Structures are given as C-alpha cells and as structure tokens.
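**Q** here's my sequence, what's the structure:
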Amino acid sequence: MSPDVTPFLGLAAHLGRGFRRLATDTVTGARRAFPRRVGDLDAAALSKVMGRAVTSVTVLDGSAGTSSRARLALTGDDVPDSVFVKMSAESSAIRMLGELANLGENEARFYSQLAPELSGVPTAFGSAFDPLTGRFVIVLEDMANDSCDFYDTLRPIDRDGAAQLVELLAHVHGTFWGRLPAARGTGPLGWLTATSDERSLPISRPLMRLSAKRLADKTDIPIETGRFVIENYPAAVRLIDDGPHTVLHGDSHPGNVFFRDGRAGLLDWQVVKRGHPTRDLAYSLVTGMTTEERRANQRDLLDVYRRALAAEGGPDLDGDELWDRYRQSAVQPFLASLTTAGLGGMQSEQIAYEGLRRAVDAFEDLETVAVLQKSL
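**A** Here you go, the predicted model:
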C-alpha cells in the first residue's frame, strides 16, 4: 500500500467511528443512562459521576461552544456548593468536530488518569465517557467563586507570569518524562497521540489554505510569511515531533492560562497529547506575551524552563539545542492561530488576530522557515 494513501485510510476509519457514535446516540442515546444534556444532570446522575451523594442540583448559568458548559449549585453529602460542568455539544455538527480531535475523550481521560499527579490544574470531582456515543461529562471546581485571574491575547502575560507558566509546563513535562510507551496504543498512556500521528492530519493543510485565503483581504498581517510551512505541513510537523516525547497540554495559549494565589495554572485539557516539550513552550510564549516582551525575555525563560524541568525529574537539556527546537516549534502557534482566525467562531476576532500577529512576528524574528529548511 502506498504511504501516501495510508493517512487517508486512517482518516476515513476515524470519521467512520465518529459517524457511528453520532448514529448510535441518535437511535439509542435517549434510552441510555448516560446524561446527554445539562438538564439530564439530576442528583442521581451527578452522584454517579462524582461518587458522592448529591441531593439537589440547580443550574446557575450556561454556555455553548465546542462543548456545553454550565455552573451548577449543589447540595448533598460532602459536595461543593457549586461546580463547573463540561458536556458534549448539543449540535451534531460540533460533536463531529470534537470527534475529529477526540476532544471529549481526551479531557475525560486527562482528569481521570493524569490530573491527580499534577498541580496547577482545576480540581476534578469526576469524569465519565461513553465510548458507544462519544458523550462525556466532566465535573470541575467552580473557579468563578475563587480569586483567579484569567488572560487572553489582549491581556498579555508579563515576564514574571511567563516564568511561572514555563515552570508549570516543566512540572507537567517532568512528571511524565520517560513514562510514555514507544508505540501509540500500548500501555496506560498509549492513548496520547502526537500531532504527526493524528488521524485528522490529511485535512489540516486544506484547512490552513482555506484560512489563509479567507484572511488575505481581511487583515494586513503578512500571513504569506508562513506559506512554506502550510505547503510542507506534514514534513514540518514530523520534524518538530522528533526526539523525546512527554505529555503536553497542547493548547497553552493565554486563554487557557489562569493565576491563583500568585501561581500559574492551565485550563481546558481537551487536546492533551504527546510530543516534544518545545511545542508547549513556543505556543505559550509566542501567543501569551507581547512580541517585545517575548523577544527580550525568551532566552532567559527557556533557561528557567531547563532548570525547572531538571528539578521535576526531567533531563538536563542542552540550551543551544532547546533554542533551535523552540525556533522550529514556532510552527505550532502560527498554524493554531491561523486556523483559529481564519475559520472563526472560537475566539473573538480581535483576540484571534492579535494571536496571529504575534505568531507571524515570531516566525520572522526566530527565522523559523530558515531553521526548518536546514532540516527538511
């Protein structure tokens, strides 16, 4: 079989599984005990997910996006006064998009298997996933009741905050360093996938081309700076995925960062994956800081990361090699910001465009294309 055909067969199988789950949910979902909507989260359902005796549930507020979200007031035996719940989106089309990236399954597994070993993540009171329908429920602490600071590209992270963030990334990376199986699908952490192995990889380049085309007449951001990566996407992704892997957050832009009691934290683990640590580092620093702050501090911040990673049980990485890998990994924030801005609907236009502008700035001053071309 031609190697060029194999990824498309994998995508077809992946899509087939997603359609089967949606069809099963349509035909039998209403008869299954698994909750499908926020309104299904009564005391009995939450008691089962949380493993605690909930006696009453009141919906405080809710929102919709790639998942359905709600704040719930609870009473019961040893339960918090309120919780934040994430569930499958009500729209079949959005659930199918989630199936492409395994969003619900990934996050439910993260909170049940990985989060108990980590600090700097929201407290989880329970999670559940239904493999027949792809439905999921995740019950988290209600951070609206806490003194947390939240960020986005319009509220950039300063140097001190960025130092805390890279130390948190070092904690995540170091905790799981050396624990991933060599082959996907084996062992307890075999479900974690590298970007270069994702089933959706064949449709990534068409989505990026579409995004660039849509943005061409809408912004003065020089998107063509990244054209080389768009056209050589599979090879570029394989290159930045090369080398030792650990557990990555995978989506560490500032909108998924919070600070509580002076310490950094990370939200929204639905694209948790495996890969080289510079993926997270480049995404966090490039999109989280202003271009000027990043340029002035990124070398020092990488040294902060190196020291923290070694302290967390990871290796003592070579500084020059880490710098070169970081420059290559600017691919991650560019491509993520390009599709976010180009496809729309995931962030406000102002927030998305600022992230893309910073990513293009990084592509230029880190000379990412030149670094990639040397190795491809």
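
**Q** now do stretch 102-111, average pLDDT.
**A** On average, the pLDDT along stretch 102-111 is 92.

**Q** what of stretch 128-146?
**A** The average pLDDT for stretch 128-146 rounds to 90.

**Q** list the buried residues of that stretch.
**A** 128-130, 133-143 (16 or more other CB atoms under 10 Å). The way it works is simple: take the backbone N, C-alpha and C, and place the C-beta from them, glycine included.

**Q** also stretch 158-168?
**A** Neighbour-count burial for stretch 158-168, counted by 16+ other CB under 10 Å, picks out 161, 162, 163, 164, 165, 166, 167, 168.

**Q** over to stretch 92-108?
**A** For stretch 92-108, the neighbour count (16+ other CB under 10 Å) marks 94-96, 98-99, 101-108 as buried.

**Q** of those, which is the nearest to residue 358?
**A** residue 101 (23.3 Å; CB to CB).

**Q** what about the closest one, distance to residue 285?
**A** Shown here: residue 101 relative to residue 285, a distance of 23 Å by CB to CB, to the nearest Å.

**Q** hey, where'd the helices end up in the stretch 251-376 of the chain?
**A** 278-288, 291-311, 319-328, 331-343, 349-365, 368-375 (DSSP state H, counting those that start in this stretch).

**Q** what does stretch 185-197 rub up against?
**A** Under the contact criterion CB atoms under 8 Å, 6 or more residues apart in numbering, stretch 185-197 has outside partners 102, 105-106, 109, 113, 176, 179-181, 183-184, 201, 234, 237-238, 241, 245, 247, 272-275, 279.

**Q** now do that stretch: distance from first to last residue.
**A** 12 Å (CA to CA, to the nearest Å).

**Q** circling back: just name the most buried of the helices of the stretch 251-376 of the chain.
**A** With neighbours taken as mean count of other CB atoms under 10 Å, these reach their highest mean count in helix 278-288, at a mean of 28.

**Q** what's the angle from that helix to helix 349-365?
**A** Using axes from the mean of the first three to the mean of the last three CA atoms, to 10 degrees, the inter-axis angle of helix 278-288 relative to helix 349-365 is 120 degrees.

**Q** could you give the angle of helix 278-288 to helix 368-375?
**A** Using the same axes, to 10 degrees: helix 278-288 against helix 368-375 is 160 degrees.

**Q** any idea how far residue 155 lies from residue 259?
**A** Using CB to CB, we find residue 155 at a distance of 11 Å from residue 259.

**Q** higher neighbour count, the two?
**A** residue 259 (18 against 12; other CB atoms under 10 Å).

**Q** not counting its neighbours along the chain, what's nearest the more buried one?
**A** Excluding the flanking residues, the one nearest residue 259 by CB to CB, 6 or more residues apart in numbering is residue 149, at 4.5 Å.

**Q** now do the host helix or strand of that neighbour: which elements does it pack against?
**A** Taking DSSP states H and E as the criterion, the element that holds residue 149 is strand 148-150. Other helices and strands packing on strand 148-150, by 3 or more CB pairs under 8 Å, 6 or more residues apart in numbering; DSSP states H and E, are strand 257-260.

**Q** what's the mean pLDDT across the strand it packs on?
**A** 95.

**Q** with stretch 173-188 instead?
**A** The average of the pLDDT scores along stretch 173-188 is 89.

**Q** enumerate every residue touching residue 270.
**A** Under the criterion of CB under 8 Å, 6+ apart, the contact list for residue 270 reads 66, 67, 101, 103, 104, 106, 107, 251.
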